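Novice: Provide a 3D model corresponding to the input given below.
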Amino acid sequence: MIDLGEVPKSRVSWRGAVRIIRSVYPPIDLFEDIADPADWALLLSAEQKTNPRLMETIGNLDLVPPERRVGGPGASYLMAPFTHVSPDRPSRFSDGSFGALYTGSGFDVALLETIHHHGLFMARTREPAGWTSQFREIVLSVDAELHDLRGGGAAFAAALNPDDYRDSRALGRGLHGAGSGGVVYPSVRRPGGDCVGLFYPDLAGSAVQGRHLDYHWDGERVDLYREPANGAVFRIVDQAA
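Specialist: From the prediction side, this is the model:
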């Protein structure tokens, strides 16, 4: 187990950070509205009278403290990872009981991180080769003081295991419980790149949609990505083990 007191903190200020998400997740009207987040509970109460399935779209708003909520254009991309959580969908630094927003320091980092997880899904479900799901690039900023796992060497190796997330989830649970804003760590899929896992949506901002992307599955790995807007196809060759 990693001693939380031994994890240093660093200020992370990124412009042009990149997150890649599935295109099946549309913007959520409540989060995109200019209404004050403090008024969301009243708005929800009124709208649920005509749309009883509204909460399925919004998720569990109570998981985000009112003072940490964000609203306005692009806010869906920041809020949704915290309101749609489940123990059935844990991640590297969360056991699924709380949300985490992951983003890479640049496009290559986000691409290689997401194709790894998409490839695992495709292999697990034994999908045939071909162009698969559509994704969208989200460009955003990060400004936060985070617990820093970069440069820790062997001390943080367990939390950065490429395939076993038990130690990283335990660390994330401890940090979240102690009020941490999240973690910054070296990408295990893109050497030289960094990632952050944020525990609150207000630590990121200026989220705007970038490119649409298609991933190609060759039966064993994601080997290509395509930009449908212009038809450009790129081969993915720089993948970490």
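Novice: Return the per-residue confidence for Pro26.
Specialist: For Pro26, the model assigns a pLDDT of 66.
Novice: Next: Ala159.
Specialist: 95.
Novice: I'd guessed it sits against Ser168; true?
Specialist: Yes: taking contacts as Cβ atoms under 8 Å, Ala159 lies within contact range of Ser168: 4.3 Å. Where C-beta positions appear, they are placed from N, C-alpha and C, glycine not excepted.
Novice: residue contacts, the residue nearest the centre of the chain?
Specialist: Compute the mean C-alpha point of the chain, and by Cα atoms, centre = their mean the closest residue is Tyr102, 3.1 Å away. The neighbours of Tyr102, taking Cβ atoms under 8 Å, 6 or more residues apart in numbering as the test, are Arg19, Pro81, Ser91, Arg92, Glu113, Cys195, Val196, Gly197, Leu198.
Novice: count of neighbours near the first one?
Specialist: I take that to be Arg19. 24 (other Cβ atoms under 10 Å).
Novice: and it, helix, strand or coil?
Specialist: Recorded secondary structure, Arg19: strand (DSSP: H, G, I helix; E, B strand; the rest coil).
Novice: ditto for the second one
Specialist: When classified by three-state DSSP, Pro81 comes out as helix.
Novice: now swap in the fifth one and tell me
Specialist: Here Glu113 is helix, with the state taken from three-state DSSP.
Novice: do you know how far the residue lying closest to it once chain neighbours are set aside is from Trp217?
Specialist: Once flanking residues are discounted, Glu113 sits nearest to Arg189: 4.9 Å by Cβ to Cβ, 6 or more residues apart in numbering. As judged by Cβ to Cβ, to the nearest Å, Arg189 and Trp217 stand 17 Å apart.
Novice: what do you get for Thr103?
Specialist: Counting by Cβ to Cβ - Thr103 and Trp217 are separated by 24 Å.
Novice: just Trp14 next, same as before
Specialist: 30 Å.
Novice: Compare the two (neighbour count), which wins?
Specialist: For Trp14 versus Trp217, neighbours defined as other Cβ under 10 Å are more numerous around Trp217 (22 against 19).
Novice: show me the contacts for that one.
Specialist: Taking Cβ under 8 Å, 6+ apart, one finds His118, Gly119, Met122, Glu127, Pro128, Ala129, Gly130, Trp131, Thr132, Asp223 in contact with Trp217.
Novice: for the protein, what spans make up the helices?
Specialist: 29-32, 40-47, 54-58, 76-83, 107-124, 166-177 (DSSP state H).
Novice: Thr83 and Arg68 touch, don't they?
Specialist: No: Thr83 is beyond contact range of Arg68, at 11.8 Å (criterion: Cβ under 8 Å).
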